[in-house]
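1. Could you look at this predicted model? Sequence included:
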2 protein chains.
Amino acid sequence: MKLNMSPEEFRHWGHRIVDWIAHYLEHIRDYPVLAQVEPGELASRLPAAAPEEGEPMEAIFEDFERRILPAVTHWNHPRFHAYFSVSASPPGILAEALIAALNMNGMLWKTSPASTELEQVTLDWLRQWLGLPDRFFGVIHDTASLNAVHAIAAARFRADPEVRRRGQTLPLTLYTSELAHSSIEKGAMVLGIGLDNVRKIGVDEAGRMRVDLLEEAVRRDLAERRTPFCVCATVGTTGITSIDPVAEIASVAERYGLWLHVDAAYGGAAAVAEELRWVLAGAEHADSLVVNPHKWLFTPLDLSVLYTAHPDLLRRTFSVVPEYLRTAEDSRVVNLMDYGVPLGRRFRALKLWFIMRYFGRRAVAEIIRRHIGWAQEFAGWIAADPRFELAAPAPLSVVCFRLKSDDEDNRRLLEAVNATGRAYLSHTVLKGRYVIRFAVGHIATTEEDVRSTWQTVSEAADRLGG
Amino acid sequence: MKLNMSPEEFRHWGHRIVDWIAHYLEHIRDYPVLAQVEPGELASRLPAAAPEEGEPMEAIFEDFERRILPAVTHWNHPRFHAYFSVSASPPGILAEALIAALNMNGMLWKTSPASTELEQVTLDWLRQWLGLPDRFFGVIHDTASLNAVHAIAAARFRADPEVRRRGQTLPLTLYTSELAHSSIEKGAMVLGIGLDNVRKIGVDEAGRMRVDLLEEAVRRDLAERRTPFCVCATVGTTGITSIDPVAEIASVAERYGLWLHVDAAYGGAAAVAEELRWVLAGAEHADSLVVNPHKWLFTPLDLSVLYTAHPDLLRRTFSVVPEYLRTAEDSRVVNLMDYGVPLGRRFRALKLWFIMRYFGRRAVAEIIRRHIGWAQEFAGWIAADPRFELAAPAPLSVVCFRLKSDDEDNRRLLEAVNATGRAYLSHTVLKGRYVIRFAVGHIATTEEDVRSTWQTVSEAADRLGG
């Protein structure tokens, strides 16, 4: 009976897996981006029960390669152009192995001084890269969705401090644009605020929240004796990467005492490049802001950062300290468990620290700059081709386009492209019409990949037309 | 300017890091378990800003070893006996490297058939190991704290379905024992139910929720026109690992229409051993149950499993599907994003799958059995030593004890033990008295480690007495 793995066996398999990963990253273009399997196919090829006796690593790894890998959609592929294109860069992968080996839980300073302090230092570094004010305090959670819950909860606590003890006592209303990410609605729903109390404000032609409509909605709610408490602006909406006028929204927020949350999960990263810093204009007025290094900063999933100008409020929203979690150092340190829901916290800061140091700001900015450039080139090809039309402006690295035809043809085009395995794109619906999204963002994507994907799209359109 | 890391450099550093980890795991007893640093020490040794130009891996790794490592509290140390003793087993560490390299996001079946199906298969395997009914559906989130939020939110939705649209409309009350984990209170607070609406039910001499007091509290709330909606039982409380009478609590839950949530985050793992399956007696009646493979099932942080008998209810509590997340397969597949808050989901199932296969059920059961045996031995030494007394029964692998002296002496004893670096224990307060907790649970812990820790405790007590 194997009661542990020996250091020799770990070393052997560690080397094999490192070699496998190196080979995978080098030859990843040989894999179809989108898994070419049917629902249930993998499950049907796995045993219905776990083994009673342990199995050799050889057998496990063979099943990983033969059974699991064919069911993988390759998010780390340079021609993954769906949703947002993300990447696990090599330094980030190396850091993940160390994070796992240390297995540190950063709930308290004492249980993990390294994790607690490196998280604060690294998030302050990132804050500087993004040009955000130094009063912003950062904390890491898994996803922007969870960070939205945290931001909205803190906003609610400020507006309705009774919530901690008595539950919500006021008829609170929240404002966001109709292009905001679904996690804002989900957050308000989960927290017990209710979807009916989320106002989805209309957008202008470029998909930016209309500040006049925002103010109108706030005034209407006030007139009807509701309590507006929070507005969520987006820097880089998921559908079309539109950028809300944050500075103007901040004025409205200030006028009516609303908490301003900025969802810059994807778009915020652009601010690392000096000439793109404008994307976060106005964000210095935010009460909270989310940016996801696991989106466009080459960090393996998951690492989402929540900044807030009110760390003390965040702490008072979430802190519950039972006796067994008290330490002698409590009055002198930051205990990160006090700033959110999860008690267990992986040492995620280490991967961001590896990546920021390995690349440095100038390289990160250059990669992002190239992504945007290639997206613009792609948009140019679309605009120049009489079969296609651009469906929205493309301010960052996502291009929304469609065949000048009906929704069904566009749906068939997308399916045809994805079925080739050469690229993976996704869709959205804009003004009632089906639209294809092309996202650039992987660290290993090249101009050649972008050209190749355009060719795949163009050829698929030819076949549809024939 | 480095715009990526070459496969050669990844291979080189991958091998170095694997060798480092192998050496770390082999020689981990050379490190002090508890970091011997002062608050701010690490932060003061790191630059105030990230570099403009990238740095060599050599420099980064050197800083990891020289600056970060001394500030690490070694949770993966076999003499980490604080809180719950957890472990990142070698097969789990190997899987983490693959998870990072694939960087798959399991939000939708289509974006990750492998992640979605392996999660369901692996959690069904684990369900069988725990002897839970086959109607239980499992989903992975980061922590038991977040899973408590999910369970309580689903319970609220069942009791008050208006919550999705209008926000909470009923005066809901939740019940748990005074020894329940703080995450239950935090969950109710964050969700806007309010701490005043959490009833902390008294416990018996063994620290188990008193069912008579539970029923009394429910009846009182009903009489006062409140709406009891949920009871949380604990299998292995954090303070003293007491095990609530789940079957009896289930009867009360059934009688009053309460959602029964079972927090078996730590204790549930014991049920993998046939003779310990009693710890989950009654859990077959649960509406939801949490067990954490990252606690006592040798899985690197983070991986917490939420089982529910009502997957459809969980889905209706959380599902919000914007157009850009619709796929052609939606009606035929499980999209895991529908069952909770986080949209981004790492491929965590892979590490549990590696571990369950590598060890098999019999070895996992044997390791757990030994941990409990050694904890019982330790308890025996305490009971036999006239300087000490046991502070609570020790049904699993945590022993609560104290010097027969005042709180201050016990606090000094704990600090003296932890300052040696040879072991790390934590504390709690029971019936107003300071109590030391000794937890066994690491995969590499040996009987010799347990003896050595007892010797460290005993010698520290000698020095205090002198």
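-> Thanks, I have it.

2. Helices of the stretch 151-300 of chain A, residue ranges please.
-> Using DSSP state H, counting those that start in this stretch, the helices found in the stretch 151-300 of chain A span residues A:163-166, A:182-190, A:211-223, A:246-256, A:293-296.

3. by contact count, what packs against the fourth one?
-> The criterion is 3 or more CB pairs under 8 Å, 6 or more residues apart in numbering or on different chains; DSSP states H and E, and the helices and strands that helix A:246-256 contacts are helix A:211-223, strand A:227-234, strand A:259-263. All C-beta atoms are positioned from the backbone trio N, CA, C, and that covers glycine.

4. Quick one: work out the angle between the first one and strand A:227-234.
-> Here the directions of helix A:211-223 and strand A:227-234 differ by 160 degrees (axes from the mean of the first three to the mean of the last three CA atoms, to 10 degrees).

5. Which positions within helix A:211-223 qualify as buried?
-> A:211, A:213, A:214, A:215, A:217, A:218, A:221 (16 or more other CB atoms under 10 Å in any protein chain shown).

6. Turn those residues into CSV, including pLDDT and distance to residue A:453.
-> Listed next are these as CSV, based on pLDDT from 0 to 100; distance: CB to CB, whole Å:
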residue, pLDDT, distance to residue A:453
A:211, 98, 36
A:213, 98, 37
A:214, 98, 37
A:215, 98, 42
A:217, 98, 40
A:218, 98, 43
A:221, 98, 45
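
7. returning to what we had before: turn the helices of the stretch 151-300 of chain A into a markdown table, columns for distance to residue A:236.
-> Shown next, in a markdown table, are the helices of the stretch 151-300 of chain A (distance: least, CB to CB, whole Å):
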| stretch | distance to residue A:236 |
| --- | --- |
| helix A:163-166 | 30 |
| helix A:182-190 | 14 |
| helix A:211-223 | 18 |
| helix A:246-256 | 11 |
| helix A:293-296 | 9 |
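
8. sorry, back to before: rebuild the helices and strands packed on helix A:246-256 as JSON lines, extending it with distance to residue A:404.
-> Formatted as JSON lines, these follow (distance: least, CB to CB, whole Å):
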{"stretch": "helix A:211-223", "distance to residue A:404": "31"}
{"stretch": "strand A:227-234", "distance to residue A:404": "29"}
{"stretch": "strand A:259-263", "distance to residue A:404": "32"}
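
9. Any chance of those in JSON lines with distance to chain B as columns?
-> What follows is the helices and strands packed on helix A:246-256, written out as JSON lines (distance: least, CB to the nearest CB, whole Å):
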{"stretch": "helix A:211-223", "distance to chain B": "14"}
{"stretch": "strand A:227-234", "distance to chain B": "12"}
{"stretch": "strand A:259-263", "distance to chain B": "12"}
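
10. Those: which one's closest to residue B:158?
-> Across the helices and strands packed on helix A:246-256, residue B:158 has its closest neighbour in strand A:227-234 (27.2 Å, CB to CB).

11. Now do the helices in the stretch 301-450 of chain A.
-> Secondary structure of the stretch 301-450 of chain A (DSSP H, counting those that start in this stretch): helices at A:311-318, A:349-384, A:407-419, A:447-465.

12. hmm, back to that, nearest to residue A:451, of the buried residues of helix A:211-223?
-> For the buried residues of helix A:211-223, with residue A:451 as the reference and CB to CB as the criterion, the closest is residue A:211, at 39.5 Å.

13. Make sure that closest one is actually in contact with residue A:246.
-> No: counting by CB atoms under 8 Å, residue A:211 sits too far from residue A:246 to count as a contact (10.2 Å).

14. picking that back up, determine which stretch of the helices of the stretch 301-450 of chain A is the most buried.
-> Most buried of the helices of the stretch 301-450 of chain A by mean neighbour count (mean count of other CB atoms under 10 Å in any protein chain shown) is helix A:349-384; its value is a mean of 21.

15. and that one with helix A:447-465, angle?
-> Using the same axes, to 10 degrees: helix A:349-384 against helix A:447-465 is 50 degrees.

16. Does anything pack onto helix A:349-384? Which helices or strands?
-> Contacts defined by 3+ CB pairs under 8 Å, 6+ apart place helix A:349-384 against helix A:90-102, helix A:113-130, helix A:293-296, strand A:388-390, strand A:398-403, strand A:433-439, helix A:447-465, helix B:57-63.

17. Nearest to residue B:433 among these would be which one?
-> helix A:113-130 (28.8 Å).

18. Helix or strand next in line after the closest one, which one?
-> Using DSSP states H and E, the helix or strand that follows helix A:113-130 in sequence is strand A:137-141.

19. who touches that next one?
-> A:119-120, A:123-124, A:126-127, A:147, A:150, A:303-309, A:311, A:314, A:336, A:339-340, A:342, A:345, A:348-349 (CB atoms under 8 Å, 6 or more residues apart in numbering or on different chains).

20. same check, this time on stretch A:413-430
-> A:31-34, A:36, A:73, A:77, A:79-83, A:238-240, A:391-392, A:400, A:403, A:410-411, A:434-439, A:452-453, A:456-457, A:460-461, A:463-464, B:323-324, B:328.

21. Just the buried ones from those?
-> In these, burial by neighbour count holds for A:31-34, A:36, A:73, A:77, A:79-83, A:238-240, A:391-392, A:400, A:403, A:410, A:434-439, A:452-453, A:456-457, A:460-461, B:324, counting by 16+ other CB under 10 Å.
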